[in-house]
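# need coordinates for the below:
(chains A and B)
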Amino acid sequence: MSQSHNRGLVEDFGRWREFSAGMWAWVFHKFTGWVLIGYLFTHIAVLSSALSGDAAYTNTLQGLEQLAVVRVLEVGLLAVAVFHIFNGIRLLFIDLGVGLDLDTQEKSFYASLILTGIIVVASVPVFLEGL
Amino acid sequence: MSTQTPDTDETDPQAERMARKEERAAEREEASSTPDVGEDAITLKVFRYDPEVAEKQEPRFDTFHVPREPGITVLDALIYARDTYDSSLTFRHSCRQAVCGSDALFINGSQRLGCQTQVADLSNSDTVRVEPLPHREVVKDLVVDMDHFYDQMDAVEPYFSPTEEPDGEQLQSRENREKIKMSTRCIWCGACMSSCNVAAGDNQYLGPAAINKAYRFYFDEREDDERQEERLKIIEQEHGVWRCQTQFSCTTVCPKDIPLTEHIQELKREAVKSNLKFW
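Numbering: from 1, shown residues only, chains lettered A, B, ... in the order given. Got it, this is the predicted structure:
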């Protein structure tokens, strides 16, 4: 074989329209996982304001909650966390050998999406109201 | 020669055959110059690449129009295109009945066997886009280099090899046969490995087909415990079963409907169980 051709990444994420449910579950799980790791740092930063005393901590929280963008982001954070939890439970079952057939794993993915949707929608009024 | 009936007043059969042959050749010639493909012809877009031809060194897609016959498969369409329009169109095929595993292709964005896929069954049956298997180096047109796939298959020692030579015939129980039934159906087409995102990023990953092959022998009761342990060592290494991230891509594309992800998960549990044994 003298020469061959490597088609590169075009075959991977370029075919996202053809992704199966299991593939989407994987993509979402990775994405939400990374978002949660990122959030962890901001979470620690906010909490550490308590080092400067009670008043500083309360002020920081109230200051953040006054910003509409923070309240919207909190809804997003909840969505990300809830999906990660439900899909994590789905993956636990998959690791235990339950619901491994193609049909069931698809349905359990859709179920985690729907549950996430319901919880997030229900939480919107609480979050947008602020502290 | 004596048993043959002698030619009497009839014309020479050889000459007759030759005349018929020429007639057919003329018909073919005429058909190929202006093929009548009908109004509802299938548009076949085929990936072309040939390092030895200047115009094809840069990969491109060629479009062919193929008449829509009832039950036409993608492989039939490719064969028609090759025989009618361009004899240099290159692709692997052999048995045409989903047994040999040589015509796994990337058809309309999914790994499928060309011979098993009817054009009418595709969600877009007007335009059929045929590409070589992803994550494999393209050698020419739709032909990919399968060496790495075969290396991974060989790595799991895909043959029956008990530590000690058996005395006589070794019978397998009905239950055990049932247990490994689906895993024996693999035809080594490479569709699963090509669909796997993890295999794409990790060249050392055994891949679904090889792990399924390992499953087939690991659970075969006719091999002894010692051999089973050796097999588990191969499977549970870093680039073995633990690389699987349950995307279910392999199971979705497998043309033989093997529950690959299930098999990989079962071997993961076997690996955990054997490592948790303290007695």
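# got the residue ranges for the strands in the stretch 1-150 of chain B?
Taking DSSP state E, counting those that start in this stretch as the criterion, the stretch 1-150 of chain B carries its strands at B:42-48, B:60-66, B:104-107, B:110-113, B:127-131, B:138-140, B:143-144.
# next, format these as a markdown table and append mean pLDDT.
A markdown table is the format used below for the strands of the stretch 1-150 of chain B (pLDDT from 0 to 100):
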| stretch | mean pLDDT |
| --- | --- |
| strand B:42-48 | 96 |
| strand B:60-66 | 95 |
| strand B:104-107 | 96 |
| strand B:110-113 | 94 |
| strand B:127-131 | 95 |
| strand B:138-140 | 94 |
| strand B:143-144 | 96 |
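# most packed of those?
strand B:104-107 (a mean of 26; mean count of other Cβ atoms under 10 Å in any protein chain shown). C-beta coordinates here come from the backbone N, C-alpha and C atoms, glycine included.
# give me the contact list for that strand.
Contacts to strand B:104-107, defined as Cβ atoms under 8 Å, 6 or more residues apart in numbering or on different chains, come from residues A:11, B:74, B:91, B:111-114, B:117, B:122, B:128-134, B:142, B:189-191, B:194, B:255.
# sheet partners, orientation included, of it?
If you go by DSSP bridges, strand B:104-107 pairs up with strand B:110-113 (antiparallel), strand B:127-131 (antiparallel).
# B:His65: which of those strands is closest?
Proximity to B:His65 (Cβ to Cβ) singles out strand B:127-131 among the strands paired with strand B:104-107, at 10.7 Å.
# just the CA trace of that closest one, in PDB.
In PDB, the C-alpha atoms belonging to strand B:127-131 read as follows (Å, rounded to 0.1, in the frame of the first residue of the first chain):
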ATOM      1  CA  THR B 127     -30.200  10.400  -2.700                       C
ATOM      2  CA  VAL B 128     -27.900   7.700  -1.400                       C
ATOM      3  CA  ARG B 129     -24.600   8.900  -0.100                       C
ATOM      4  CA  VAL B 130     -22.000   6.100   0.100                       C
ATOM      5  CA  GLU B 131     -18.700   6.700   1.800                       C
END
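# quick check: residues of chain A near chain B?
Chain A comes close to chain B at residues A:1-7, A:11-12, A:15, A:17-18, A:20-23, A:25-26, A:91, A:94-97, A:100-102, A:105, as judged by Cβ under 8 Å from any Cβ of the partner chain.
# at 6 Å what do you get?
Neighbours of chain B within chain A, by Cβ under 6 Å from any Cβ of the partner chain: A:3-6, A:11, A:15, A:18, A:20, A:22-23, A:26, A:94, A:97, A:100, A:102, A:105.
# pick out the most distant pair among the residues you listed.
A:Gln3 and A:Gly97 (45.5 Å).
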